[in-house]
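Peer 1: next input, structure requested:
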Amino acid sequence: DLSRTSCWSMSESGCCAYCGDMTRGSVAWSVVLVLVVAACGSSDGDSSDSAPPSTEATVTTEAPTTTEPTEATDTTDTTDTTVAAGPSIEPGPQPPSGPATPSVEELAAFSWTETAPDAPWRARAGLRVVDLNGRLILLGGRTPNQSTIPGDSVIWADVWASDDQGATWFDLLEGATAPWPARGYFQAVVKDDLIYVIGGQDFGLEENPVCALLEQGLEPPPGLGIDPDAPCPEFLPSSNFFNDVWRSADGITWEQVTETAPWEPRAGLSAAVLGEHIYVLAGSQNDDTSIVGAGGPARIYYQDVWRSADGVEWELMTEAAPWEPRAGAATVVRDDLLFLFGGEDGFTCEPLPDCEAPYFNDVWVTADGATWEQVAAAAGWSPRPGHVCELLGNQFLCFGGFGLLQNPTDMWVSDDGAEWTQLPTNPWGSADPTAMRYDFDALVIDDPDTGPQVLTFGGDRETFDFTDPENYLRIDNDVWTFALASS
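Peer 2: Sure, this is the predicted structure:
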């Protein structure tokens, strides 16, 4: 979740540092306090650095079964590839056999084609696309504005559809917006022929009332800890994080089934349909320190797992899964098992370029969300967030994502999640790291004539250089297809 905001001098409690003792302040500064507290408190979340305990459900979890690590074959020098053996969690009843799984050799013959170079929906990241009975439905997302303010963005609540695998699109709402609040970095799944929109965040800014008083030459009370000679940021963040659930049978008519789910509001969460339930897990609340500064409200990372049969009633499966709290992970369901891949618990590190980015490349599996087992401590691909993993036939395919020094240009496949093979192909047909993207969406279509193919939609190529006047342009509104090359 990359809602970029700008704030000034925040305490560890999540309230602005100038929201302190006002006994020595003037009436004007007292008014400022009220306004600033309102801005700082708009995220609807606790500002501690760990997820608050839940009393919504009682669960019993088993310790994960792990085995001693073994060495995996590594075709790059970018990461440690020590992995654990594959999962011993037994799947439930198996579904009918799906499409044939392409071999690594066959995947090497796949190629990338730009299906829609300039789709009619605005370029965006943090969007979601689902396949509703053969119709592609594109929802929400974030488009950066041309601005010097980190995070200044348009957030979308539009709905687009395509009936030809992403080649052409039409606005389902004909210029209107969905009733759910505009959002990005949310989740969308399809269950029982219904689209579910889950969680996410918007972006907001409030004018900083302190600046006007400083410009008038008013000295702030000493107890507020304000340096009148320091630059005063013009805006304060006021983003909202959501824990609501909406559903629709067609993308046009929407019903709010949950206004406030029992799990904490969050963005960058993961969600999937496993069996008869929608699973929600991981994610974060509050923006990263690389955006709001070291004194900003602490970003909360989650490691809880919830499930629901209808999006209304939610059951807590575990409050603390054995994997580290994270956001920006990928999930895949295969053979009645849910797999979790990678993610992050921070955007940046110091000092660059020698520090280790707070990213993950582990793989975990569960049959019920309560009991987890580690499949790989470190997969063959480098640690990353904002990537995708898809099921191509019966094989995992992972690519894309954010890299702190440069975005990864590789594609990896695995038949068990433990041992990985790098494909000779680069994502989107380019070996240029600046052409790589993160926070895009993807899905697999099993075409009876051409076989399985992966489609990608939009995505982000921005960097953390907010002084770059071209940075806001590094966002995409295209559709690409990864499929067997036509003869």
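
Peer 1: what mean pLDDT does the helix or strand where Leu443 lies get?
Peer 2: Per DSSP states H and E, Leu443 falls inside strand 441-447. Across strand 441-447, the average pLDDT comes to 94.

Peer 1: output the contacting helices and strands for it.
Peer 2: strand 128-132, strand 388-392, strand 451-460 (3 or more C-beta pairs under 8 Å, 6 or more residues apart in numbering; DSSP states H and E). The C-beta positions use only the backbone N, C-alpha and C, and glycine is treated the same way.

Peer 1: so what strands line up beside the second one?
Peer 2: Paired with strand 388-392 in the same sheet, following DSSP bridges, are strand 395-399 (antiparallel).

Peer 1: mind checking pLDDT for the closest residue to Gly200 other than its chain neighbours?
Peer 2: Using C-beta to C-beta, 6 or more residues apart in numbering and skipping residues adjacent in sequence, the residue nearest Gly200 is Phe186, 2.5 Å away. As predicted, Phe186 sits at a pLDDT of 98.

Peer 1: look up how far Ala261 lies from Phe186.
Peer 2: 13 Å (C-beta to C-beta, to the nearest Å).

Peer 1: please apply the same query to Gly204.
Peer 2: 22 Å.

Peer 1: neighbour-wise, which of those two wins?
Peer 2: Set side by side, Gly204 and Ala261 show more neighbours around Ala261, with 22 against 19, by other C-beta atoms under 10 Å.

Peer 1: so how many other residues sit close to Ser238?
Peer 2: When neighbours are defined as other C-beta under 10 Å, Ser238 has 18 of them.

Peer 1: kindly report the same for Thr467.
Peer 2: Neighbourhood size, Thr467 [other C-beta under 10 Å]: 6.

Peer 1: in which helix or strand would I find it?
Peer 2: Using DSSP H and E, Thr467 falls outside every helix and strand.

Peer 1: for the residue lying closest to it once chain neighbours are set aside, grab phi and psi.
Peer 2: Of all residues not flanking Thr467 in the chain, Thr148 sits nearest, at 7.5 Å (C-beta to C-beta, 6+ apart). When read as degrees, to the nearest 10, the backbone of Thr148 gives phi -90, psi 0.

Peer 1: change the start of the numbering to 7 and stick with it
Peer 2: Happy to do that; since the first residue is 7 now, the last one works out to Thr154.

Peer 1: ok so, going back, distance to Pro239 and mean neighbour count added to the helices and strands packed on strand 447-453, as JSON lines?
Peer 2: Putting the helices and strands packed on strand 447-453 into JSON lines (distance: least, C-beta to C-beta, whole Å; neighbours: other C-beta atoms under 10 Å) gives the following:
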{"stretch": "strand 134-138", "distance to Pro239": "31", "mean neighbour count": "19"}
{"stretch": "strand 394-398", "distance to Pro239": "34", "mean neighbour count": "21"}
{"stretch": "strand 457-466", "distance to Pro239": "24", "mean neighbour count": "24"}
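
Peer 1: in CSV: the ones you listed, plus distance to Gly147.
Peer 2: Shown next, in CSV, are the helices and strands packed on strand 447-453 (distance: least, C-beta to C-beta, whole Å):
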stretch, distance to Gly147
strand 134-138, 8
strand 394-398, 15
strand 457-466, 7
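
Peer 1: save the ones you listed as TSV, and put in mean pLDDT and distance to Leu358 too.
Peer 2: Output for the helices and strands packed on strand 447-453, formatted as TSV (pLDDT from 0 to 100; distance: least, C-beta to C-beta, whole Å):
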stretch	mean pLDDT	distance to Leu358
strand 134-138	98	32
strand 394-398	97	26
strand 457-466	96	20
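
Peer 1: for the ones you listed, which one sits closest to Pro185?
Peer 2: Of all the helices and strands packed on strand 447-453, it is strand 134-138 that lies closest to Pro185, at 16.5 Å by C-beta to C-beta.

Peer 1: following that closest one, which helix or strand comes up?
Peer 2: Counting by DSSP H and E, what follows strand 134-138 is strand 141-150.

Peer 1: which secondary structure elements does that following strand sit against?
Peer 2: strand 134-138, strand 159-168, strand 200-207, strand 457-466.

Peer 1: got CSV for the ones you listed, with distance to Pro271 too?
Peer 2: Formatted as CSV, these follow (distance: least, C-beta to C-beta, whole Å):
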stretch, distance to Pro271
strand 134-138, 17
strand 159-168, 15
strand 200-207, 7
strand 457-466, 22
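
Peer 1: Arg313 is nearest to which of the ones you listed?
Peer 2: strand 200-207 (12.0 Å).

Peer 1: re the thing from before, residues near the residue nearest to Gly206, how many?
Peer 2: For Phe192, using other C-beta under 10 Å, the count is 29.

Peer 1: and it, what is it in contact with?
Peer 2: Contact partners of Phe192, counting by C-beta atoms under 8 Å, 6 or more residues apart in numbering, are Gly132, Arg134, Gly146, Val203, Ile204, Gly205, Gly206, Gln207, Phe248, Ala273, Leu275.

Peer 1: before we move on, which element is the nearest residue to Ala335 once chain neighbours are set aside in?
Peer 2: Leaving aside its sequence neighbours, Ala335 sits nearest to Gly349 (C-beta to C-beta, 6+ apart; 3.4 Å). Assigned by DSSP H and E, Gly349 belongs to strand 343-350.

Peer 1: now do the helices in this protein.
Peer 2: Secondary structure of the chain (DSSP state H): helices located at 33-46, 110-113, 215-221, 295-298.

Peer 1: would you single out the least confident of those?
Peer 2: Across the helices of the chain, helix 33-46 gives the lowest mean pLDDT, at a mean of 47.

Peer 1: look up how far Arg467 lies from the most centrally placed residue in the chain.
Peer 2: Geometric centre of the chain, nearest residue: Gly274, 3.0 Å, by C-alpha atoms, centre = their mean. Gly274 is 18 Å from Arg467, where distance means C-beta to C-beta.

Peer 1: Ser244 too?
Peer 2: 27 Å.

Peer 1: next one: Gly349
Peer 2: From Gly349 over to Arg467 (counting by C-beta to C-beta), the distance is 20 Å.

Peer 1: more neighbours, those two?
Peer 2: Comparing Gly349 with Arg467 by other C-beta under 10 Å, the one with more neighbours is Gly349, at 30 against 20.

Peer 1: pretty sure that one contacts Ala363?
Peer 2: No. Counting by C-beta atoms under 8 Å, Gly349 sits too far from Ala363 to count as a contact (11.8 Å).

Peer 1: can you tell me the closest non-neighbouring residue to the residue nearest to the centre of the chain?
Peer 2: Sequence neighbours aside, Ala333 is the residue nearest to Gly274 in space, at 3.3 Å (criterion: C-beta to C-beta, 6+ apart).
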